[in-house]
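>>> Build me a model:
(one chain, ligands or ions: 2)
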Amino acid sequence: KKIIFSGAQPSGKMTLGNYLGAIKNWTELQNEYECFFSVVDLHAITVPQEAKVLRENAMKLLAQYIACGLDPEKNTIFIQSHVKEHLELMWVLNTMTYMGELSRMTQFKDKSQKSEANLNAGLFTYPVLMAADILLYQTDLVPVGDDQKQHLELARDLANRFNNRYSPTFKIPEGYYPKGGARVMSLQEPTKKMSKSDSNENAFILLEDDPDTIRRKIKRSVTDSEGVVRYSPEQPGIKNLLDIYSALSGKPVDEIVKMYEGKGYGDFKTDTAEVIVGALEPMREKYLYLLNNKDYLEKIYSEGAQKAEAKARKTLRKVYRKVGFLERK
Ligand code: ATP
Ligand code: MG
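Residues are numbered from 1 along each chain as shown. Ligands and ions are numbered 1, 2, ... in the order given. Reported below is the predicted structural model:
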């Protein structure tokens, strides 16, 4: 079986962007592949987090993975900080990564602009940790949103670099991108991606938002003064809503555009909100139920860590030997 690795950060709560760009695809892969899905809390602390909130968000994200349809029996679902091999491999890869490579990363540029007060080294080396996450499991495919393309490219480069310098050790992972390249954009600044760590709550839809909150956020979403529902890069707000509507309803964009010929944004927004509510509500109910079953969630992540660790140790042992570390007797 081919191996899949992916993760999301508990840096906030799961957004519609995370769902459409990532988790929805994961659920389609779990029957065919051996999958590792992680709550990547080590990544989350590259931007400031409050301890209590971070712990809650990790639990919530885990519950959402399952509520969205990931089966804990079929997949290895775990919390990243429980498997220390991620950090050990990261250190080795760090010594093989060039400063220049990391300075070119768009996410670093974006996030460092947003939090200049916290321009920490972790934010800079984040892609190296992500490479370690992927390479540890000898991953074949990495389903991610297209905002992660550049990071994945680095993971491939590092795998090749290590294999060439020593001997074949890592599988070279391929990206697996959602059909249609779904990148969900911010509802407030539709030229930027929707991000769960956005400080403006109206910019994103959360999987845990109740129907009225969803309706309100869509109503307030930023559009334009054209007044015509059209799929055009000049109307990024409307384009984004069309993409969301289409992804959740399965209707092609053209068909939706036709449905709103001669109608204003009001109708279109109202219907878009209902499509979102209809898709998210069943998942939200399951999520709320799971959150009240902490023991069950703890059991899932404990077992997940054990399975992940066993696989990760194998790779790390090889790496340490090749690099030239003396084996502890
Ligand atoms: P942060 O702002 O803290 O980075 P995020 O919303 O980008 O949070 P991540 O945990 O970094 O979420 O990403 C989890 C997965 O969701 C990744 O595979 C990423 O590609 C995907 N993803 C994130 N945002 C979007 C988006 N707006 N559209 C599509 N996919 C997305
Ligand atoms: Mg991100």
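>>> Spatially nearest residue to I205, not counting backbone neighbours?
Nearest-residue entry for I205: L16, 4.2 Å, with adjacent residues in sequence omitted and distances by Cβ to Cβ, 6 or more residues apart in numbering. Every residue, glycine included, has its C-beta placed from N, CA and C.
>>> what residues are up against the one you found?
Counting by Cβ atoms under 8 Å, 6 or more residues apart in numbering, L16 touches V184, M194, F204, I205, L206, L207, I244, I276, L280.
>>> Mind listing what's buried along stretch 282-296?
M283, R284, K286, Y287, L290, L291 (16 or more other Cβ atoms under 10 Å).
>>> Sorry, slip of the keys, the one I care about is stretch 59-77.
Result for stretch 59-77 [16+ other Cβ under 10 Å]: buried residues 59-68, 70, 72, 75-77.
>>> among the residues you listed, which are in strands?
In strands, defined here by DSSP state E, the members of those are T76, I77.
>>> between the buried residues of stretch 59-77, which is nearest M90?
Checking these against M90 with Cβ to Cβ, the nearest one is T76 at 19.5 Å.
>>> Residues in contact with the lowest-mean-pLDDT helix or strand in the chain: which ones?
In the chain, no helix or strand scores lower on mean pLDDT, DSSP states H and E than helix 106-114, which sits at a mean of 84. With contact meaning Cβ under 8 Å, 6+ apart, helix 106-114 is reached by T46, V47, L102, L119, L123, F124, Y126, P127, D147, Q150, H151.
>>> In this structure the second one contacts N118, no?
Right, V47. Yes: with contact taken as Cβ atoms under 8 Å, V47 and N118 are classed as touching, separated by 6.7 Å.
>>> More neighbours: these two, which one.
In this view V47 and N118 are compared by other Cβ atoms under 10 Å, and V47 has more residues nearby, 18 against 13.
>>> For the residue of the stretch 101-250 of the chain found nearest ligand 1, give me its contacts.
Among all residues of the stretch 101-250 of the chain, G145 sits closest to ligand 1, at 2.5 Å; criterion: Cβ to the nearest ligand atom. By Cβ under 8 Å, 6+ apart, G145 lies in contact with G17, N18, G21, A22, Y177, P178, A182, R183, K193.
>>> Now intersect those residues with the helices, please.
Judged by DSSP state H, helices contain the following of the contacts of G145: G17, N18.
>>> Neighbour count, pLDDT and distance to ligand 1 added to the contacts of G145, as a markdown table?
Converted to a markdown table, those look like this (neighbours: other Cβ atoms under 10 Å; pLDDT from 0 to 100; distance: Cβ to the nearest ligand atom, whole Å):
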| residue | neighbour count | pLDDT | distance to ligand 1 |
| --- | --- | --- | --- |
| G17 | 22 | 94 | 3 |
| N18 | 25 | 93 | 4 |
| G21 | 26 | 88 | 2 |
| A22 | 21 | 88 | 4 |
| Y177 | 19 | 83 | 9 |
| P178 | 18 | 74 | 7 |
| A182 | 20 | 72 | 6 |
| R183 | 17 | 88 | 4 |
| K193 | 21 | 92 | 4 |
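>>> List the contacts of stretch 154-161.
Stretch 154-161 has contacts (Cβ under 8 Å, 6+ apart) with 93, 96-97, 101, 105, 127-128, 130-131, 134-135, 142, 170-173.
>>> re earlier: please identify which of the buried residues of stretch 59-77 is nearest to ligand 1.
Checking the buried residues of stretch 59-77 one by one against ligand 1 (Cβ to the nearest ligand atom), the nearest turns out to be L61, at 8.5 Å.
>>> That'll do, ta.
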